[in-house]
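Undergrad: Generate a structure from the sequence data that follows.
(chains A and B)
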Amino acid sequence: MTQALIEFRDVHKSFGASHILRGTNLKIPKGEITTIIGKSGTGKSVFFKHVIGLLTPDSGDIICDGKPMSAMTRAELWDWRGKFSYMFQNMALFDSMTIFENVALPLEQGTNLPKEEIRKRAHERLRQLDLEGIDHKYPSELSGGMQKRVAMARALVTNPEIILFDEPTTGLDPIRKNAVHSMISEYQSKFGFTVMMISHEIPDVFLITQQLAMLDQGEIIFQGPPENIQNTEDPMIHEFITGLQSPQDELTGMDTVTQGKQHYNQAMEKMKEGQKAFSIVVLTLEGMEEINAELGHVQGQTILKNFSCDVKPYLREGDSCSRHGLNQLMVVLHNAGEDDSRRFCFGLAQKLKAESILNGISEAVQTLNVSAGFAEAPMDAGIDEVLASAESREATFLEFSIK
Amino acid sequence: MAQPITQEQGLPGPPPPPVLSRIFEPFGQRVMGIVNNLGAAMIFLLKALVLIFGRKQPVAIIQQINMIGVKTVNIVALVGFFTGMVMGLQLYYTLVQYGSVGVLGSAVALSIIRELGPVLTAIMITARAGSSMTAEIGIQRNSEQIDALYTMRIDPVGYLISPKVAASIISFPILTALFDLIGILGGWVSGCVIMGVNSGSYFYRVVSSVTLEDVNGGFIKALVFAVIVSTICCYQGYFTHMRTDSYGARSVSLSTTSAVVLSCVSILIADYIVTSFLL
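TA: Alright, predicted model coming up:
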C-alpha cells in the first residue's frame, strides 16, 4: 500500500447526545483517490471536517503526514490546511459574490499573484468546467448543477495537494456527472494530488477510485479496492452496494461494470455446461485527455455517449455490452471465437459513422481514434486475465477527425 | 436489563438538590454565560482590531465604509434634521416663558453635539447597518461560507469582521458630525424660520457656546459606540450557530433582534459612563 498521508486512529466525536464517530480507523493513501461511501447520516461529512481541522476529535487522533494533529502547533495546522481544498456538499459559494469572484477568491486572498494571472487561472478553470460566459452572474442565478461545477472550479483553482469532495456529482445529469468523474481522475493522475471523496454514485465511482471505504454508524466497516467490495459476502455491505446501483450505466445506456462482470461469469458457466466459446472485445476511445483539454470534459463524455449509442445496434441478441473504464466499453460476444470477434470489429469499423459519433460536438481540430482488442475466453479464466489479453492486442481500427 | 430505581417504586432515588442550589443555580449559570460571552466578544474584538492592518484590507474597508457609512447618510440626515426641528420647537416654547429665546442656539447645539448627535446616530446606524451586518454574517455562517473561508486559509474574522469594525470606527464620528450639523440647521428652521427667533442671535449663540471639548466629547462617544455596535452586531451573526434556542433562519432572525436590542441598550449605558468621565 502507498504511504498513508492521513490516518484516523480510533477517532470519536459527539455532538451533545449524538455519538457520530465511534472509533473511526482509516488510512488515506497519498496520491490516490479514496471514496467514502455510507448511508446518509453516518458521519461522512463530520469525518471530512476532521481531516481539515474544522472539527477536532473528542478522543483518538488524526495523523497528518506522520505527525499527530493534536501535537501540531497553530502554524503547522495553518500550513497543513494550506495543502487542502474542500468542496462542500451544499457548495458554500459566496452568494453575494459573482461567479468569477468566487473562483478567484482563494487566489486573491491566499496568494500574491498579480491580478492578470489570477484572472487567467480562474478563467481557465471555468472554461475547463464548461462555465464560460457566466463570470458576472451570481450563484443564485445558476442551476444546482452549475453551482456544483463552480464549487469544483473554486476547489481546483489553487492546485491543492489534497482535495476533499463532499458529494461532487449529486444532482448532475449523467453526462456532467461522468465529466466530473473524468476530470477528477484525469487531474489526479496528471497532478498527483490526493483525493478524498464522499459519493453515492455506485458503481460510477468504481471506475475512478483506487480505494473505497464504507462508514457505518461511525465506524469504517470496509476498506479496500472497489473490486473487493463488489465481491464481499457481508450481507449489509452487499445490500448497500446493490441498493445504490442503477439498473444501467446512466451515461452510455449500457450495462454497469458490475453487470458486465456478471455477464462474463454467466457466459463462463454456460461454456462449462458445453456451449460454444465466447470472446471479449474491448473498445477504447483514445486521446480523450486531449479532447477534454480542447473541448472540455462535457464534450468528451458526449462523444462517449454517442459512441455507445452507435455500437448498441450492432450487438447480436444475447451479446452484452458494459462500461469498462472511463473511456472503455467491454462487449461479451456469446458463441464467438476469435474469428467472430475480428469480424465484429471490422463490421463496426465499416458501419460506424464519424458524423454520428461526433454529433453535437462543436469545432475543434483533434483526431479521435477508437481502438479495439479482443480475446477468446479460455476455460476457467478470470475476467481480468481475459481483459488484459484483449487490451494487450488492442489496435486502432477507426480514426475520426473532429473538424 | 437493569431498571433505574425510582421513587415511584418505593425505593430511594437520588437526593434532591438543596433548595438554595435550585434557586441560585439557574441564576449562576446565566451569569456565567454572560461572563463567557463577554470574554469571547472581547477576544473577538481584539482579533478583529489586530487584523485590520492586513495588506489587503484597505479596499475591503472602503467597501464597508460605503455600506455602513455612505448608505446611512440619508437616514442620519433626515433624523438629524427632524430631531433639530423638534428640539428647536420644544426649547422655544420653554425658553419663551422665561424670555430667553436668545439662548435657543446654545441649547439646541449643546444638547445635539453632546448627547443626541452621538446617541441617535449610533442607534440609526445600528438599525440601518448593524442589523444587516448580523443578518449577512449569520447567513454566511449557516450556509457554511465561513467554514469555506477557513478551508481556504482565509481568516474569517480578518476577512469579514475587521473591515466592518474599521469602517464603523471611521463612519460613526463622520456621521455624528453630519447629524450635529443638520440638527443645528433643523433647530434654526423651526426656531428662526418658523417661530421667528433672530437668526443672527441663534448662530452667534451656537458659535459662542460650543467649545472644542464638547465636539471632542461627542466624537469620543461616537468612537466608543462604533466599537460597541460593530462588535455586538458582528459577534451575534458570527456565532449564530451557537444559539441553543433556535436553528437556521430562526437563529439568524433572533441574532439580528438580539444585536439591535443589545446595541441600543449598550449605547445608552455606555453614554452614561462616558458622559460621567467627560464632565
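Undergrad: quick one: B:Gln236 is in a helix?
TA: Yes. Under DSSP: H, G, I helix; E, B strand; the rest coil, B:Gln236 falls within a helix.
Undergrad: separation between B:Phe239 and B:Asp147?
TA: Going from B:Phe239 to B:Asp147 by CB to CB, to the nearest Å gives 14 Å. (Glycine included, C-beta is placed from N, CA and C.)
Undergrad: ignore the last one, B:Leu38
TA: Counting by CB to CB, the gap from B:Leu38 to B:Asp147 is 25 Å.
Undergrad: so how many other residues sit close to residue 221?
TA: I went with chain A, as the question did not name one. Neighbour count of A:Ile221, defined by other CB atoms under 10 Å in any protein chain shown: 16.
Undergrad: not what I meant, chain B
TA: Counted with other CB under 10 Å, residues neighbouring B:Lys221 total 26.
Undergrad: Show the secondary-structure elements that the helix or strand hosting it is packed against.
TA: Using DSSP states H and E, B:Lys221 falls within helix B:212-238. Here helix B:212-238 touches helix B:19-50, helix B:117-125, helix B:131-142, helix B:162-188, helix B:248-278, going by 3 or more CB pairs under 8 Å, 6 or more residues apart in numbering or on different chains; DSSP states H and E.
Undergrad: what comes into contact with the helix or strand following the third one?
TA: By that I understand helix B:131-142. With elements assigned by DSSP H and E, the helix or strand that comes after helix B:131-142 is helix B:145-151. The contact list for helix B:145-151 (CB atoms under 8 Å, 6 or more residues apart in numbering or on different chains) reads A:49, A:52, A:54, A:81, A:84-86, A:88, A:92-95, B:137, B:139-140, B:155-156, B:159-160, B:238.
Undergrad: please redo it, this time with the cut-off set to 6 Å
TA: A:52, A:54, A:86, A:92, A:94, B:140, B:156, B:159 (CB atoms under 6 Å, 6 or more residues apart in numbering or on different chains).
Undergrad: Next: stretch A:314-327.
TA: Applying CB under 6 Å, 6+ apart, the external contacts of stretch A:314-327 come out as A:182, A:185, A:207, A:249, A:252, A:254-255, A:257, A:259-260, A:263, A:285, A:288, A:329-334, A:348.
Undergrad: Kindly check the end-to-end length of it for me.
TA: End-to-end distance for stretch A:314-327, by CA to CA, to the nearest Å: 19 Å.
Undergrad: Which one of the helices and strands packed on helix B:212-238 lies nearest to chain A?
TA: Closest of the helices and strands packed on helix B:212-238 to chain A is helix B:131-142, at 7.5 Å (criterion: CB to the nearest CB).
Undergrad: Most tightly packed of the helices and strands packed on helix B:212-238?
TA: Highest mean neighbour count among these (mean count of other CB atoms under 10 Å in any protein chain shown): helix B:117-125, with a mean of 26.
Undergrad: Rounded mean pLDDT for that helix, please.
TA: Here helix B:117-125 scores 95 as its mean pLDDT.
Undergrad: can you check stretch B:249-256 too?
TA: The predicted model gives stretch B:249-256 an average pLDDT of 93.
Undergrad: Tell me the gap between that stretch and the middle of its chain.
TA: Here stretch B:249-256 is found 18 Å from its chain centre; the criterion is CA atoms, centre = their mean, to the nearest Å.
Undergrad: and it, does that touch chain A?
TA: No. Contact of stretch B:249-256 with chain A (CB under 6 Å from any CB of the partner chain) is absent, the minimum separation being 13.6 Å.
Undergrad: Kindly export that stretch (C-alpha atoms) in PDB.
TA: Output in PDB follows, covering the C-alpha atoms of stretch B:249-256 (Å, rounded to 0.1, in the frame of the first residue of the first chain):
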ATOM      1  CA  ALA B 249     -33.200  31.000   9.600                       C
ATOM      2  CA  ARG B 250     -34.800  31.500  13.000                       C
ATOM      3  CA  SER B 251     -31.400  31.700  14.700                       C
ATOM      4  CA  VAL B 252     -30.400  34.500  12.200                       C
ATOM      5  CA  SER B 253     -33.600  36.300  12.900                       C
ATOM      6  CA  LEU B 254     -33.200  36.100  16.700                       C
ATOM      7  CA  SER B 255     -29.500  37.000  16.500                       C
ATOM      8  CA  THR B 256     -30.400  40.100  14.500                       C
END
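Undergrad: Run through chain A and note the low-pLDDT ranges.
TA: Judged by pLDDT under 70, chain A has its weakly predicted residues at A:1-3, A:244-247, A:362-366, A:395-403.
Undergrad: Would you mind listing what in it touches chain B?
TA: Contacts of chain A with chain B, taken as CB under 6 Å from any CB, map to A:52, A:54, A:81-82, A:86, A:88, A:92, A:94, A:106, A:109-110.
Undergrad: Show me which of these are buried.
TA: A:52, A:54, A:81, A:86, A:88, A:92, A:94, A:106, A:109 (16 or more other CB atoms under 10 Å in any protein chain shown).
Undergrad: Can you lay out the residues you listed as CSV showing secondary structure and distance to B:Leu49?
TA: Below are these laid out as CSV (DSSP: H, G, I helix; E, B strand; the rest coil; distance: CB to CB, whole Å):
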residue, secondary structure, distance to B:Leu49
A:Ile52, helix, 28
A:Leu54, coil, 25
A:Arg81, helix, 24
A:Tyr86, strand, 29
A:Phe88, coil, 30
A:Ala92, coil, 27
A:Phe94, coil, 24
A:Pro106, helix, 25
A:Gln109, helix, 19
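Undergrad: Pull the contacting residues for A:Arg22.
TA: The neighbours of A:Arg22, taking CB under 6 Å, 6+ apart as the test, are A:218-219.
Undergrad: That one sits in which helix or strand?
TA: Assigned by DSSP H and E, A:Arg22 falls in strand A:18-29.
Undergrad: roughly how far out does the following helix or strand past that strand sit from the chain middle?
TA: Next helix or strand after strand A:18-29 toward the C-terminus (DSSP H and E): strand A:33-37. Counting by CA atoms, centre = their mean, strand A:33-37 is centred 10 Å from the centre of its parent chain.
Undergrad: and what of stretch A:302-322?
TA: Using CA atoms, centre = their mean, the mean C-alpha position of stretch A:302-322 is found 21 Å from that of the whole chain.
Undergrad: partner residues bridging the residue lying closest to A:Glu338 once chain neighbours are set aside?
TA: Distances taken as CB to CB, 6 or more residues apart in numbering or on different chains place A:Glu376 nearest to A:Glu338, at 5.0 Å, with adjacent residues excluded. Applying DSSP bridges to A:Glu376 yields these beta-bridge partners: A:Ser279.
Undergrad: what about A:Val11, which SS state?
TA: Assignment for A:Val11 (three-state DSSP): strand.
Undergrad: Can you name the residues that contact it?
TA: Going by CB under 6 Å, 6+ apart, A:Val11 touches A:21, A:24, A:57, A:60.
Undergrad: if I look at the second one, how far off is chain B?
TA: Looking back up the chat, that one is A:Thr24. A:Thr24 is 20 Å from chain B, where distance means CB to the nearest CB, to the nearest Å.
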